[in-house]
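In: sequence and predicted structure, then a few things I'm wondering about:
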Amino acid sequence: MVFVHAVAELTRNVPSIQLVNTDQSGIELELHSGRTLDFKGVHKVQAVAQSVNATTHSFTIQVIVSADGDVSPKKLVSERNKYE
């Protein structure tokens, strides 16, 4: 609680529009569980995907929200290829 009280004291006179939080969220283009279902003993199990590209690419989005609830129009979006 010492940290919380210290931050509250430091930010007491700061406008809430200037107090911001940022967080990242990962987005997968194709949802996959890594599990398949077939009969016991089968050596090759086929899986279907809408797009092979979608299974190897994902995005990360990072947004900024101020303490008064305003969401910044600026966002960071980055792409990741899992096999690069």
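Out: Looks like it came in fine. Here the structure is a predicted model, which is why all the values come from computation and not from measurement. Numbering: from 1, shown residues only.

In: other residues contacting the single longest helix found in the chain?
Out: If you go by DSSP state H, the chain has its longest helix at helix 2-11. Helix 2-11 is contacted from outside by L19, using CB atoms under 8 Å, 6 or more residues apart in numbering. Backbone N, C-alpha and C define where each C-beta goes, glycine included.

In: looking only at pLDDT, what's the mean for that helix?
Out: The pLDDT scores in helix 2-11 average 93.

In: now that helix: how far from the chain's centre is it?
Out: 28 Å (CA atoms, centre = their mean, to the nearest Å).

In: where along the chain do the strands fall?
Out: Taking DSSP state E, the strands of the chain run over residues 20-28, 57-66, 76-81.

In: relative to M1, which of those strands is closest?
Out: Among the strands of the chain, the nearest to M1 by CB to CB is strand 20-28 (19.5 Å).

In: got the contact list for that closest one?
Out: The contact list for strand 20-28, computed with CB under 8 Å, 6+ apart, reads S58, F59, T60, I61, Q62, V63, I64, V65, S66, A67, S72.
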